Structure formats: structure tokens, C-alpha cells
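A.B. asks: Sequence and predicted structure below; questions after.
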Amino acid sequence: MKIPGLSAWSALASAIPWLLLLGLCAPGAIAQGQAQHFRTITVTQGLDSPWGLAFLPDGRKLVTERPGRLRLVDADGRLDPQPVAGVPPVVAINQGGLLDVALHPDFARNGWVYLSYAGAGADGYGTEVLRGRLDGHALRDVAVIFRMQPKSTTSHHFGSRLVFDRQGFLYITLGERGDKERAQHLDDHGGSVIRLHDDGRVPADNPFVGKAGAWPEKFTLGHRNIQGAALHPQSGELWAHEHGPQGGDEINIIRAGRNYGWPVITYGRNYITGTSIGEGTARAGMVQPLWQWTPSIAPSGMAFYTGDRFPAWRGNLFVGALKGQMLVRLTLDGERVVREERLLQGELGRIRDVRNGPDGFLYLLIDGSRGKIIRLEPSP
């Protein structure tokens, strides 16, 4: 007996998985940029305060959630409900928690995954870095390769981005933990960029190796709170940005042994009084920023676009903004910023991370309790 409407219900039922998938990858409105029209695609939803993103060779993604979970997302954007096991407890307090994720340059052979996070010690909290081998839904052979010292009980300015350079050295960016004077001390990890071998050993050619009173793992000093870092696609040098106080967010090229000035020089000002900090904006022997934002945009996440999907954007530098809730596109002429464009202002929320995808698209992590992965695609 033929039941009226049964064939229609069957067709709808068979279409439900596809409808759900389309819901995950729902296209947004077309955005009109100066050089490129594009649209935003919601790839993944349901993330809790996502912080860092890495692309696995098989098409999956690893995403850190600041409360302390490492998540797997499949090639179609589906979030695995089971977090990756083997991640140790983290201190999820204010700006602390599970932060960045990076893959070893030879991940396809060795399986090493690196995580930065806020870890506890006898005297408080500080940024730490571990590595572990990804094996299915777990990290194996987990070992801590760096612990920030000294620790403190403040709950902000942990940093922290992880970047490997072309020689296989690991760079760890650190905040000064809210104690600005730490950024000028060579025997303190606060406000520094750290450079290590992939197993945590100190490279023999680090700039402060053998210097009395200096910790050899330090590569630079004078930073406030670095939450974005990326390798320049031509020079291979590390570029980074950092938060300023009420103005003075900076972009810098990170070079061995340099002092980037905080808190002696800054374009920012004191939060409460609005008065100047330190000696002003310049001092001999301290690096001037390549670019600065006043008022602040609260930058987080950074990537040079190197794909072929957006030819007009190739070589541009993209920076996410938390306070500004936007994506900033910077056009470069060598080491000079010649143009700034502000995209998606107020449309997506707080942009926590920006990444080049292996498919040539640009990916964003949207912060918050309803966090998302967003993909940017070109639109005619």
C-alpha cells in the first residue's frame, strides 16, 4: 500500500545529513574589500574560547580551547565531541589557559604537536610549552620543554604564539605577566621571545649565550604581550605584534638580541591617568615599531597570505583584532607598511587567530563561548 507523502518524507530524511553539512558551512554575505570581494563561510561551530589553529596533513584541524581542551575537526568541519587526551591540567584564569598549537616541521614523519599554556608552579602561574606525539585521539610521550620563570600570581599577559622557522628552531612569544619592569631584565623570561631547538635545548648561537647575568634561551627583550607571530614568506624572518596600553599596539620584526623598548618607550599611555609611560616614544638602542595602532585594536593572530585563491592579497599581512572585532589587511613594500584596510568590522566578533590554509583560503578563529572557525573565500 502506498502511503501518501511517504516518498517526500524519505527524500527529506535522506537529505538531512547534507542539510546539516550545509548548515556547518553556511555562506555569509559578500564583503567588498578594496582589492578583493570575498564571503565568509562558517566551517565549524560549538567551540569554547578557541585560541590556536593548526592544519593536519590529512585535512583535519587541531584547535585549542582556552579552558584546557585540544579539539579535532574533520575535513568537512565537523567537531569531534571527544577532546584529545593527554593534555595536562592548565590554569584557565582570565587570559590564561590552553593557548597556541603548532606542528613540528616534520610532523608527517614524527607526529610532534606543540602546545603553549598557562601552567602552575609553587610561586604562581606562567607560560609553559609541551610537545607530544599525536596518536589517534591522544598525545603520547608528552614532555614539557619550556617553563617560564619566575612565575607570578597575576592572571594576564601570558602571550603566547609558537612558530617554527625554516631552520627548525622554535620561537615562543611571552608577555611580561603585567609586571612591566620584567621586560627589561635579561635574567627573566617576562616580555621576551624565546628561541629553542625542537626538544627544548638552547641553540649555541642564541644572542645571549655566554653573557653574564643573562638567560641563554632569550632571543629578544622589551615586549609587553605578544599574541601574533608569523614568518615572512620571502625573508623567513619572524614578525610579531604585541598589545600596547591604551594605544601603542605594535608590529615588529624580531631580530636576535634586540630590545623592543617596553616599558621604557611606547606609543601607549597609562590606563587610568592617560599620562605617558617611561621616557616617551624613542630611545637610542631600542627598536622602533614597523607599524603601530593608537588607539588600540587589541591584535591577536597574524598571517602573511601566500595562497593563490586571492591574487590581489598575495604577500599582504593579516591581523585579527579583539577589541576592534575586525580583520586588518596591511599592504607592504619591503619592510614598510604602505596601506591599511579594515575588514569585517563588527560582523564576526573577536578575531582570535588568523591562518593560511593549505587549500589557499584564509581561516579565522572567532573567540567566545560560541566560538567558530570561519573560512574566507573569493567572491566575484
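C.D. replies: That came through, no problem. Numbers count the residues shown, from 1 in each chain.

A.B. asks: and the most centrally placed residue in the chain, what does it touch?
C.D. replies: Computing the C-alpha centroid of the chain and ranking residues by CA atoms, centre = their mean puts Gly301 first, at 3.9 Å. Neighbour list for Gly301: Gln227, Gly228, Val319, Gly320, Ile351, Arg352, Asp353, Val354, Arg355, Leu364, Leu365 [criterion: CB atoms under 8 Å, 6 or more residues apart in numbering]. Where C-beta positions appear, they are placed from N, C-alpha and C, glycine not excepted.

A.B. asks: Which member of these is positioned nearest Val338?
C.D. replies: Sorting the contacts of Gly301 by how near they are to Val338, with CB to CB, puts Val319 at the top with 15.3 Å.

A.B. asks: what bridges to the residue nearest to the closest one when sequence neighbours are not counted?
C.D. replies: Closest residue to Val319 in three dimensions, ignoring its sequence neighbours and counting by CB to CB, 6 or more residues apart in numbering: Val328, at 4.4 Å. In this structure, Val328 bridges to Val319, Arg342 when assessed by DSSP bridges.

A.B. asks: okay, now Val328: neighbour count?
C.D. replies: Using other CB atoms under 10 Å, Val328 has 25 other residues around it.

A.B. asks: quick one: it from Arg370, how far?
C.D. replies: For Val328, the distance to Arg370 equals 23 Å [CB to CB, to the nearest Å].

A.B. asks: Gly244 too?
C.D. replies: Following CB to CB, the distance that separates Gly244 from Arg370 is 29 Å.

A.B. asks: Would you mind telling me which of the two has more residues around it?
C.D. replies: Counted by other CB under 10 Å, Gly244 and Arg370 do not tie: Gly244 has more neighbours, with 26 against 12.

A.B. asks: next one: phi and psi at Ala312?
C.D. replies: Backbone geometry at Ala312, expressed as degrees, to the nearest 10, gives phi -70, psi -20.

A.B. asks: just Asn110 next, same as before
C.D. replies: Per-residue torsions, Asn110: phi -110, psi -20 (degrees, to the nearest 10).

A.B. asks: one step back: check the secondary structure at the residue nearest to the centre of the chain for me.
C.D. replies: Classification of Gly301 into helix, strand or coil gives strand, according to DSSP: H, G, I helix; E, B strand; the rest coil.

A.B. asks: Make 173 the starting number, not 1.
C.D. replies: Okay, residue one is now 173; in that scheme the one you just asked about reads as Gly473.

A.B. asks: Show the residue spans covered by the helices in this structure.
C.D. replies: Along the chain, counting by DSSP state H, helices occupy 178-196, 279-282.

A.B. asks: Least reliable of the ones you listed by average pLDDT, please.
C.D. replies: Comparing mean pLDDT across those, the lowest value falls on helix 178-196: a mean of 37.

A.B. asks: mind listing what Arg338 touches?
C.D. replies: When the contact criterion is CB under 8 Å, 6+ apart, the partners of Arg338 are Leu403, Gly408.

A.B. asks: can you pull up the bridge partners for Leu537?
C.D. replies: In this structure, Leu537 has beta-bridge partners Asp525, Ile545, where bridges are defined by DSSP bridges.

A.B. asks: Does it touch Arg522 like I think?
C.D. replies: No: no contact is recorded between Leu537 and Arg522 when judged using CB atoms under 8 Å, the distance being 9.4 Å.

A.B. asks: shouldn't Arg427 be in contact with Ala412?
C.D. replies: No: under the criterion of CB under 8 Å, Arg427 makes no contact with Ala412, lying 10.9 Å away.

A.B. asks: Compare the two and say which is more crowded by neighbours.
C.D. replies: Using other CB under 10 Å, the more surrounded residue of Arg427 and Ala412 is Ala412, with 25 against 14.

A.B. asks: State the distance from that one to Ile344.
C.D. replies: Following CB to CB, the distance that separates Ala412 from Ile344 is 11 Å.

A.B. asks: what residues do those two have in common as contacts?
C.D. replies: Taking CB under 8 Å, 6+ apart as the contact rule, Ala412 and Ile344 both touch Arg333, Val365.

A.B. asks: tell me the pLDDT at Asp246?
C.D. replies: 98.

A.B. asks: Setting aside sequence neighbours, what's the nearest residue to it?
C.D. replies: Take Asp246 and drop its neighbours on the chain: the residue closest to it by CB to CB, 6+ apart is Arg232, 5.6 Å away.

A.B. asks: and the one you found, what are its phi and psi?
C.D. replies: Summarising the backbone geometry of Arg232 under the convention degrees, to the nearest 10, its torsions are phi -80, psi 170.

A.B. asks: ok, it to Leu275 distance?
C.D. replies: Arg232 is 12 Å from Leu275, by CB to CB.

A.B. asks: More neighbours: which of these two?
C.D. replies: Leu275 (20 against 16).

A.B. asks: For that one, give the beta-bridge partners.
C.D. replies: With DSSP bridges applied, Leu275 shows beta-bridge pairing to Val285.

A.B. asks: returning to that earlier point: settle it for me: which of Leu537 and Arg522 has more neighbours?
C.D. replies: Legend: neighbour count by other CB under 10 Å for Leu537 and Arg522, higher for Leu537 (26 against 19).
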